[in-house]
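Engineer: sharing a sequence plus its predicted fold:
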Amino acid sequence: MSERRPSPPLAANLLALAGTIGVWWAVAQIRVAGRPLIATPMATVAALSGAAPTLGGDLAATAARTGVGLAAGVAAGLVIGALAAVVVRRAPVIEGLLDLARSVPPVVILPVCLLAFGYNELARVATVASGCVWTMSLAVMTAASAPRSARREMLDVAGATPLQALGWTQPWESLGVLVVGLRTSASTAVVVAVVTEIIAGSERGLGARVIAAQISGDTEGLTLDVLVAGALGYVINLGLRGLERRVRQLDA
Amino acid sequence: MIVAALDRVGVRGRDRPMLNEASLTLRAGERVALVGPNGAGKTTLVRVLLGLTSPDEGAVQRTAAGVGYVPQGYAESLFPWFSVLRNVAMPRLVSRRADAYDTARALADRILPGIDPRRLAGRLSGGEKQATALARALASTGDLVIADEPFSATAASSRERLRHALREELGGRALLLVTHDAGDVADLCERTVRLIDGRTVEAPE
């Protein structure tokens, strides 16, 4: 079972936070072509109050695209991975092909989705889903190809049918690998959702805010939007990391 | 009646034979100790008897399904995501016995005192896991129990209690006990088979 690290003292955390804000402030003093690279912490906080009325809606739009795309990609990945796990025993080349598909940058799928679905929401969500599907498929295949466990042997000795043995072990033994696949897919989904909004002319979403701020030279707004996009990915990752930790503790 | 038998069984390893013309007969109700130095092939013999390893030579007569088994890797054999009670009930649950939980509860009361049967098996200590694996083996429905060093992680204070539980709960079933402990042999077994370099040698009475 994994042991929790002791929490560092509050003073150390406050010091680290103050240091980070100091570095941020210092970087904000750098001028490139007469313009600041990023806004200062104070200017970013001030920009938050101005952006608040629309920021929530844009954050929700990006979160929704990420969530729906992730769900669709994971669902498709589970089905494709399960089918591939059956087929790969007869045709090992399938595993290589899935690996190749996973190596295709998801954003380059966007033009394909735009051609297929037109300039609409479906194309954006489909692009996000395409970023998750292959990672999940490979996670399912990895889980399915795990070596026979001591638990399966126990069930055989006890006279369990193959179906009983599968029910007692497979969903639980696969859980760890699947949660890791889900976490990787979620990280990809956030990136693909924001980039898709940037390059596919979305009206709402953090990507749309980022590109609008860049075009209008709004450094404060741009800094804020980048931080909010990071926070969205961080929160999703934090939640899934908690889930992963629980699953790993269970399988101690 | 013979419940399991090996007749001149051989299992080849990478660089040496794991078993070499090993023979063993277990009759109903018989309690046999299998002893020998580390690496002699005791666990391999057990695995052949259970049908988990295929022999390269010789004949194996196996008992019907439902053998109670405490493996050497007892911790990995438990289902950490299920309760202690469900783990102990497993042999009877897979054979769809209506008394699965009642039997498991009674065994847990006697063999696992002080352990909440609702606890997840993954949260138990090493010794508790081994005792749970022993209780599960004793919940089996077959006529043979095979225990591969079932007290190796047990504290000396609990060892005598578990030996007593094994003796009492075994009933009329046959026992093959793999052990390094002379106390286990004296307490639990009526016959000893020694395994040396993959060969079985019947020890004198």
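Structural biologist: That came through, no problem.

Engineer: pull out the buried positions in the helix or strand harbouring A:A116.
Structural biologist: In the assignment (DSSP states H and E), A:A116 maps to helix A:110-117. Buried residues in helix A:110-117, counting neighbours by 16 or more other Cβ atoms under 10 Å in any protein chain shown, are found at A:110, A:113-114. Placement of C-beta: from N, CA and C, glycine included.

Engineer: adding pLDDT as columns, could you present the residues you listed in a markdown table?
Structural biologist: Output for the buried residues of helix A:110-117, formatted as a markdown table (pLDDT from 0 to 100):
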| residue | pLDDT |
| --- | --- |
| A:L110 | 80 |
| A:C113 | 82 |
| A:L114 | 82 |
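
Engineer: what helix or strand is the closest residue to chain A within chain B located in?
Structural biologist: Nearest residue of chain B to chain A (Cβ to the nearest Cβ) works out as B:A65 at 3.0 Å. Counting by DSSP H and E, no helix or strand carries B:A65.

Engineer: from B:D197, how far off is the residue in chain A positioned nearest to chain B?
Structural biologist: Relative to chain B, the nearest point of chain A is A:G159 (3.0 Å; Cβ to the nearest Cβ). Distance, A:G159 to B:D197, using Cβ to Cβ, to the nearest Å: 33 Å.

Engineer: how many neighbours does B:V185 have?
Structural biologist: Neighbour count of B:V185, defined by other Cβ atoms under 10 Å in any protein chain shown: 20.

Engineer: in what helix or strand does it lie?
Structural biologist: Going by DSSP H and E, B:V185 is part of helix B:182-188.

Engineer: with just CA atoms, put the helix or strand just after that helix into PDB.
Structural biologist: Next along the chain after helix B:182-188, taking DSSP H and E as the criterion, comes strand B:191-196. Presented in PDB, the C-alpha positions along strand B:191-196 are these (Å, rounded to 0.1, in the frame of the first residue of the first chain):
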ATOM      1  CA  ARG B 191       2.900 -39.500   6.800                       C
ATOM      2  CA  THR B 192       5.800 -37.600   5.400                       C
ATOM      3  CA  VAL B 193       7.100 -37.500   1.900                       C
ATOM      4  CA  ARG B 194      10.500 -36.000   1.300                       C
ATOM      5  CA  LEU B 195      11.400 -34.300  -2.000                       C
ATOM      6  CA  ILE B 196      15.100 -34.200  -2.900                       C
END
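
Engineer: what packs against strand B:191-196?
Structural biologist: For strand B:191-196, the elements it packs on are strand B:31-35, strand B:199-202, judged by 3 or more Cβ pairs under 8 Å, 6 or more residues apart in numbering or on different chains; DSSP states H and E.

Engineer: so which of those strands gets nearest B:V9?
Structural biologist: Nearest of the helices and strands packed on strand B:191-196 to B:V9, taken as Cβ to Cβ: strand B:199-202 at 9.1 Å.

Engineer: one step back: tell me how far the residue of chain B closest to chain A lies from A:A33.
Structural biologist: Taken as Cβ to Cβ, the span from B:A65 to A:A33 is 78 Å.

Engineer: looking at the two, which one has more neighbours?
Structural biologist: Set B:A65 next to A:A33 and count neighbours by other Cβ under 10 Å: B:A65 wins out with 17 against 5.

Engineer: just give the nearest non-adjacent residue to that one, would you?
Structural biologist: Distances taken as Cβ to Cβ, 6 or more residues apart in numbering or on different chains place A:G159 nearest to B:A65, at 3.0 Å, with adjacent residues excluded.

Engineer: that neighbour: which element?
Structural biologist: Going by DSSP H and E, A:G159 is not part of any helix or strand.

Engineer: burial count for it?
Structural biologist: Neighbour count for A:G159, taken as other Cβ under 10 Å: 17.

Engineer: the helices in chain B, which residues?
Structural biologist: Taking DSSP state H as the criterion, chain B carries its helices at B:42-50, B:74-77, B:84-94, B:100-111, B:126-138, B:156-169, B:182-188.

Engineer: in the fifth one, what counts as buried?
Structural biologist: Along helix B:126-138, these residues count as buried under the neighbour rule (16+ other Cβ under 10 Å): B:127-138.

Engineer: can you state the direction angle for it and helix B:156-169?
Structural biologist: 0 degrees (axes from the mean of the first three to the mean of the last three Cα atoms, to 10 degrees).

Engineer: could you say what helices and strands helix B:126-138 packs with?
Structural biologist: Where contact means 3+ Cβ pairs under 8 Å, 6+ apart, helix B:126-138 is packed against strand B:68-70, helix B:74-77, helix B:84-94, helix B:100-111, strand B:144-148, helix B:156-169.

Engineer: alpha carbons only: can I get the second one in PDB?
Structural biologist: Backbone C-alpha positions of helix B:74-77 (Å, rounded to 0.1, in the frame of the first residue of the first chain) are rendered in PDB as follows:
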ATOM      1  CA  TYR B  74      -1.200 -16.200  -0.600                       C
ATOM      2  CA  ALA B  75      -1.400 -12.400  -0.800                       C
ATOM      3  CA  GLU B  76      -1.600 -12.200  -4.600                       C
ATOM      4  CA  SER B  77      -4.200 -15.000  -4.600                       C
END
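
Engineer: between the helices and strands packed on helix B:126-138, which gets nearest to A:A101?
Structural biologist: Of these, nearest to A:A101 by Cβ to Cβ is helix B:74-77, at 34.3 Å.

Engineer: ok so, going back, list the contacts of the residue of chain A closest to chain B.
Structural biologist: B:64-66, B:91, B:94-95, B:141-142 (Cβ atoms under 8 Å, 6 or more residues apart in numbering or on different chains).
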